[in-house]
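Colleague: A predicted structure for the sequence below; I have some questions about it.
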Amino acid sequence: MKISTKQLMQTALLLAICIASQFLKNLSVYLTGPVVNTTIIIAVLAVSLWSGLIISIIAPVTAFFISGSPLMAAIPLMFPAVMAGNAILALSVWYFQNHFHFRYKLPAGLLAGSLLKAAFMGIVIVLILLPSFGAGVAAHLPKPEALPVVLAAARITFSITQLITALTGSVLAYIIWIPLQKYLHKEG
């Protein structure tokens, strides 16, 4: 697989947008999450699958360095789980776009990817990692007695919130992709 300079630069630009949005995480995950998901989807559609996968892998690491989540610090296994959830979204969009031939393949891929991402993260993080390693989070909190509240919020964040932000990012990506696809078709 040969990667062109143009593809590398497009991926870098999308990654920069993703990272810039992560500085808004303290305002709301409902701002950051959709932008991250949108950049992953646009990377897959406009550049290539590998571009979306690179952003899928880098985004959780940069988010950690920007916001410093005590949950991620206490449970490092969450990094690959979030990376895999993002990759599932990217792979679903790519698969539907390249292996199906019906009119609404992109919306179907976006919906499937959003549902699969949320389900994967809900199962792996909420049902496996948090029950197994959640007690260790207390040592990373300023107030260890806040552990039940932190774990309850994490259960919502890594299930329902992931679904909402993936669906919102999918809608944004679809809206952006309609004119972008026409532009790229004219250009290339």
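Modeller: Nice, I can see it. In this text, all values refer to a predicted model and were calculated from it rather than measured experimentally. Numbers count the residues shown, from 1 in each chain.
Colleague: what is the burial count for residue 70?
Modeller: Residues lying near residue 70 (other C-beta atoms under 10 Å) number 16. Where C-beta positions appear, they are placed from N, C-alpha and C, glycine not excepted.
Colleague: quick one: pLDDT of the closest residue to residue 75 other than its chain neighbours?
Modeller: Using C-beta to C-beta, 6 or more residues apart in numbering and skipping residues adjacent in sequence, the residue nearest residue 75 is residue 133, 4.6 Å away. At residue 133, the pLDDT value in this model is 89.
Colleague: residue 133: which element?
Modeller: helix 130-133 (DSSP states H and E).
Colleague: by contact count, what packs against that helix?
Modeller: Secondary-structure packing of helix 130-133 (3 or more C-beta pairs under 8 Å, 6 or more residues apart in numbering; DSSP states H and E): helix 147-157.
Colleague: now do 10 Å
Modeller: helix 70-74, helix 147-157 (3 or more C-beta pairs under 10 Å, 6 or more residues apart in numbering; DSSP states H and E).
Colleague: send the alpha carbons of the shortest one over as CSV?
Modeller: These are the backbone C-alpha positions of helix 70-74, laid out as CSV (Å, rounded to 0.1, in the frame of the first residue of the first chain):
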residue,chain,number,x,y,z
PRO,A,70,-8.0,9.7,35.9
LEU,A,71,-10.1,6.9,34.6
MET,A,72,-7.8,6.2,31.7
ALA,A,73,-4.8,6.6,33.9
ALA,A,74,-6.1,4.0,36.4
